[in-house]
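K.L.:
What follows is a predicted protein model with its sequence.
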Amino acid sequence: MIGRGTRVLEDEITARKPWCKEKNKFLIIDCWENFEYFGENPTASTDSTSMPMPVRLFQARLKRMQASLDVSDKETAKTMRDHLREQVRSLPKNSVVVQENASKLYRVEDDNFWEGLF
């Protein structure tokens, strides 16, 4: 939650505690694109090119699996496939993003999907 008042101050600003320094800049990392989801448009600068680490890891594994198949390295391709399958299985079921994409994700719950990749 942004702006919830995490610093305890006295009523008067002059009575600021010594451990409570003035802070006028904040870094907000919106890994799950909550601003977009809730229609927020912050005026601060945003880095639209950043991508959550699990997504980057998934894409890297997918590319490595494809590259392994291109050179007929089925052992590495199977390893990458198994990592991808486990990563999908470990997605948090209570995540809003996961729930919104449940109709797409149900297809990959079947082991036949993964075995049929190659």
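P.N.:
That came through fine.

K.L.:
Spit out the contact partners of the residue most central in space within the chain.
P.N.:
Centroid-nearest residue in the chain: Pro52, 3.7 Å away (criterion: CA atoms, centre = their mean). Contacts were defined as CB atoms under 8 Å, 6 or more residues apart in numbering; by that measure Pro52 touches Cys31, Trp32. Where you see a C-beta, it was placed from the backbone N, CA and C, and this is true even at glycine.

K.L.:
how close does it sit to Trp32?
P.N.:
7 Å (CB to CB, to the nearest Å).

K.L.:
Look at Met51 and give its secondary structure.
P.N.:
Under DSSP: H, G, I helix; E, B strand; the rest coil, the three-state class of Met51 is coil.

K.L.:
what's the burial count for it?
P.N.:
For Met51, the neighbour count with other CB atoms under 10 Å is 11.

K.L.:
Tell me the spacing between it and Arg61.
P.N.:
Taking CB to CB, one finds Met51 at 14 Å from Arg61.

K.L.:
Kindly report the same for Leu117.
P.N.:
For Leu117 relative to Arg61 (CB to CB), the value is 12 Å.

K.L.:
Between these two, which is the more surrounded one?
P.N.:
The residue with more neighbours, out of Leu117 and Arg61, is Arg61; 17 against 14, by other CB under 10 Å.

K.L.:
which stretches of the chain have low pLDDT?
P.N.:
1-17, 20-24, 44-49 (pLDDT under 70).

K.L.:
hmm, try it at 90
P.N.:
1-53, 97, 106-107, 109-112, 115-118 (pLDDT under 90).
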